[in-house]
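In: Have a look; sequence and predicted model below, questions after that.
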Amino acid sequence: MDITKFTLIETIRGLKEKQFSQEELKNAYLSRINTLNPKLNIFLVIKKNNTGIPAGIKDVILTKGIKTTAGSKILSNYIPPYNATAVEKLLNQGISIIGKTNCDEFAMGGSGENSAYQPTKNPWDLTKVTGGSSSGSAACVAADLAVFALGSDTGGSIRQPSSLCGVIGLKPTYGRVSRYGLIAMASSLDQIGPITKSVEDAALVLEWISGPDLYDSNCPNEKFTMQPSRLKAGIKGLKIGIPKEYFGKGLDSKVKEVVERAIKKLEELGGKIVEVSLPNSKYALAAYYIIVSSEVSSNMARFDGIRFGSNRGNFGAEVKRRIMLGTFALSAGFWDEYYSKAAKVRTLIKQDFEKAFEKADVIVGPVSPTTAWDLGDKVGDPLKMYLADIYTISANLAGIPGLSVPCGFSEGLPVGLQILGKEWNEGIVLKVGYAYEQATKRQLKKPDLKF
Amino acid sequence: MNNYEPVIGLEVHVELNTNSKMFCKCSADYFGKEPNTHTCSVCLGLPGALPYINNKAIDYCLKIGLVLNCQIAQKSLFERKNYFYPDLPKGYQISQYRWPLCINGWIEVEGKEGIKRIRINRVHQEEDTGKMTHSNNETLVDFNRSGVPLVEIVTEPDFTDVAEIRDYAKKLQQCFRYLGVSNADMERGDMRLEANVSIRVKGEKLPNYRVELKNINSFRFMVSAVEYEIKRQIKEIEAGRIINQETRGWNEDKKCSYLQRSKEKAHDYRYFPEPDLPELIIDRNRIEGIKKSLPELPWEKGRRFEQAGVKKADARILSEDKGLAEFFENTLKHGQKYQVINAQDIANYIINKKVDINLILPTQIIEEIRDKKVGVITDLGNLQKMAKKALIENPESVNDYKKGKVAAMQVLIGAVMRLSGGKADAEKTKEILKKLL
């Protein structure tokens, strides 16, 4: 019995039924980390003395007394004086932090390569990227180095690496999980969410970490709860919307095939396939990068070299690029052309989804246009890198929840299926994900990590 | 000189006296406290910290807006004002720019040309910065003030002489104190003034430049600075020189303004909506509730005192301070019993004697005024003389009293009163009569 293969639900049951002890659980994970972390470069900090169910926490999420670098040289020695609300809530559930996971610097990136501490390697193929920015969080779940992990998603940073690493990743509705203690990248888009080994696990972690928080004015809503019976109710009669804009040019043909097969499966399970349109999708990327860069230019200002010790020259290239783009976009005289226009596009995209959800209960498509690519492949071409987020950013602009569920492989690399739902409707998204996952369990392989 | 006319707009910052800061729970009472003891992750701008709104401060801002006859904006947002400074830990100040809370108000001021309406462009909510102290080649930053609620009041360029400015600033200060929203102490920095000054040829449109006078911490210095600046600019124009858009300070020793920052170095604050805070939605009930809670304003009180018969100048003095005004009103009420006492008598007494309202009661003042006005006879010899006369003139009453008719005493007192022309002290007269009988 390898207890590191267990899902969260199975681990809880195992502990309860005394199949193994907390100590055994910890040691099993630590010994695996010991062997694999040097090869995969997942954890920036490993905590050997914590007991509880081991979880990986993305390094942009604050952990009291545990170094939190945000993947940046700027915060190379930063030890936060408080826990993020989401972390605090996990600790209250008996979860322990086994380590801080690597990520793109300040969560800016789609491959993990923007980390100041070297990229994380994809457990399915060490020459490939994990996706990003929650690179270490997705990889640690895929490689069974933690029972689950927390990531953050600003434009796909949970869903895309989950897709590329073959695990479950959920971006909740904006405001579902408190952002207090999440080092801000783009405040109006950032959202913390779970990366797990099963859909049921994702529902449970969301239940734990969600709920109103006085420390986050944009998080006033009630906690997410879902009866297991509702999660497992099946999808008979549910309307599955397929946006034609998500299957056009740019989508890898093999990935397309895998996703289309998954949609067939949903139909077999009783889902009703309907075509929907998201006509403003083509403007999403441009609007997204204006809003993100603008907010980044302001959020990074506090790292001015006075209080956090490190000189601004230590920012990585992508962070500098966004600071400059955002500073430019917000400059006097450019407001109407850039930020204001991007905000209007954002409203249009929101309306696109509202309209689409009149016809469909969920919207389904690919997470990423390709599978994991070679390390170094897109590093020199930021625009190419940005295009990897093309199917995920709209959900952030609209504030809606999105789930990535493994749906097969293309040339040995995992492909993820994206399921989007209405605001505050994580339940239906999880229900569809669960039904799909249960029906295709045989394809839930684990990466071969015997070296 | 007579061809020219100054065009002046004022910006006033006032620090609110709420218990906690604008966006966190730290105490907002920073003055004289040990540095960096009233701080937390939010007001230190630590990574991951988020602001949350102090609604009391918003109420105070609305109060100020409403007494300045502003409209409360339908949609109001907090925005980020981005600039780098060591006392600004987040690298931006949470403020308002495109969507202020209160807009389009006015206030009446009195200047050389009489009473005039000054338009208020906006009243908006923001947060204060930390405070820097420079000494011996080092600069220290105290973040106790960081995040203390601040309200900014911006007028249209409607002022044309310094008397108007003085009156405006005074009125605002009284107003803040009446509302109880700020101590409005200039020296402590609770209230800060900035003036935008330019000069135009009379009747022409607004000039295309303005000189900002900043960092001036008293009414008096501000008035001197504006007066100096008006003269300086007219001189420049008459000499055919172009005046630069710039920020100037005031040197009180040399009695002149000096250049602080030129236009080339002007900031571009890159404002955008604060994504960490939701839109401000102020419902009708809240506004109505605040309207109902507003006290009578100093100038309204002053006007009422005038109507009660107090001279204009005195009415103004009496209404300046809320405590004094209430004391005066109280005294006025007590004085109503006596026809001989009028409002101006009370005003004279309070102003001339510079009464300490904590040491004297309104009734004491009324009695003193009455006694003096009526000229009550308390002199025992005099009273005795009149009492004897009254006894002789009223033998029947004397008899009645001796037979036990107590009421007869009233007749005798009345007789003494008549003899004294109503000025006898009734108590003392009674005592004397009793003795004589």
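Out: All right, it came through fine. Numbering: from 1, shown residues only, chains lettered A, B, ... in the order given.
In: Now for A:Lys341, how many residues are close by?
Out: 17 (other C-beta atoms under 10 Å in any protein chain shown). The way it works is simple: take the backbone N, C-alpha and C, and place the C-beta from them, glycine included.
In: Next, it: secondary structure please.
Out: Three-state call for A:Lys341 (DSSP: H, G, I helix; E, B strand; the rest coil): helix.
In: Give me the pLDDT value at the residue in the stretch 301-450 of chain A that chain B sits nearest to.
Out: Proximity of the stretch 301-450 of chain A to chain B (C-beta to the nearest C-beta) peaks at A:Ala301, 2.3 Å away. On the pLDDT scale, A:Ala301 is placed at 97.
In: Nearest spatial neighbour of it, chain-adjacent residues omitted?
Out: B:Gly91 (2.3 Å; C-beta to C-beta, 6 or more residues apart in numbering or on different chains).
In: hang on, B:Glu194 is in a strand, isn't it?
Out: Yes. Secondary structure of B:Glu194 (three-state DSSP): part of a strand.
In: what pairs with it across the strands?
Out: B:Glu11 (DSSP bridges).
In: picking up where we left off before, wait, the residue nearest to A:Ala301 touches B:Phe84, no?
Out: Yes. At 6.0 Å, B:Gly91 counts as touching B:Phe84 under the criterion of C-beta atoms under 8 Å.
In: Residues that sit against both of these two, list them.
Out: Both B:Gly91 and B:Phe84 are contacted by A:Ala301, A:Asp304, under the criterion C-beta atoms under 8 Å, 6 or more residues apart in numbering or on different chains.
In: residues contacting the residue of the stretch 301-450 of chain A closest to chain B?
Out: Contacts of A:Ala301 (C-beta under 8 Å, 6+ apart): B:Asn82, B:Phe84, B:Lys90, B:Gly91, B:Tyr92.
In: do A:Gln438 as well
Out: Per C-beta under 8 Å, 6+ apart, neighbours of A:Gln438: A:Lys232.
In: roughly how far apart are it and A:Ile235?
Out: Remark: distance between A:Gln438 and A:Ile235 (C-beta to C-beta, to the nearest Å) = 11 Å.
In: One more: B:Ala415?
Out: B:Ala415 is 110 Å from A:Ile235, by C-beta to C-beta.
In: One more: A:Leu170?
Out: In terms of C-beta to C-beta, A:Leu170 sits 17 Å off from A:Ile235.
In: A:Trp373 and A:Val129 touch, don't they?
Out: Yes. Judged on C-beta under 8 Å, A:Trp373 makes contact with A:Val129 at a distance of 5.9 Å.
In: Mutual contacts of these two, please.
Out: With C-beta under 8 Å, 6+ apart as the test, A:Trp373 and A:Val129 both reach A:Ser111.
In: And the two? Which one has more around it.
Out: A:Val129 (29 against 20).
In: was I right about the more buried one contacting A:Thr371?
Out: No. Taking contacts as C-beta under 8 Å, A:Val129 lies outside contact range of A:Thr371: 10.1 Å.
In: can you list residues touching both of those two?
Out: A:Leu164.
In: Name the SS class of the residue of the stretch 301-450 of chain A closest to chain B, please.
Out: Going by three-state DSSP: A:Ala301 is helix.
In: same thing with the one 5 residues further on?
Out: Using three-state DSSP, the structure places A:Ile306 in coil.
In: Count the residues that sit near it.
Out: Other residues close to A:Ile306 by other C-beta under 10 Å number 13.
In: Tell me the buried residues in the top strand by length along chain B?
Out: Ordering each strand of chain B by length in residues (DSSP state E) puts strand B:114-127 first. Across strand B:114-127, burial judged by 16 or more other C-beta atoms under 10 Å in any protein chain shown covers B:Lys116, B:Ile118, B:Ile120, B:Asn121, B:Arg122, B:Val123, B:His124, B:Gln125, B:Glu126, B:Glu127.
In: which residues does the nearest residue to the fourth one once chain neighbours are set aside contact?
Out: It refers to B:Asn121. Excluding the flanking residues, the one nearest B:Asn121 by C-beta to C-beta, 6+ apart is B:Val154, at 4.6 Å. By C-beta under 8 Å, 6+ apart, B:Val154 lies in contact with B:Gly9, B:Leu10, B:Glu11, B:Val12, B:Ile120, B:Asn121, B:Arg122, B:Val123, B:His124.
In: same question, A:Val367
Out: Counted by C-beta under 8 Å, 6+ apart, A:Val367 has contacts A:Gly156, A:Arg159, A:Gln160, A:Ser162, A:Ser163, A:Tyr391, A:Thr392, A:Ser404, A:Gly416, A:Leu417, A:Gln418.
In: just B:Leu433 next, same as before
Out: B:Ala387, B:Ala390, B:Leu391, B:Met409, B:Leu412, B:Ile413, B:Val416.
In: Surely the fifth one is in contact with B:Glu396?
Out: Spelled out, it's B:Leu412. No. B:Leu412 is not in contact with B:Glu396 according to C-beta under 8 Å; the separation is 10.6 Å.
In: Many thanks, we can stop here.
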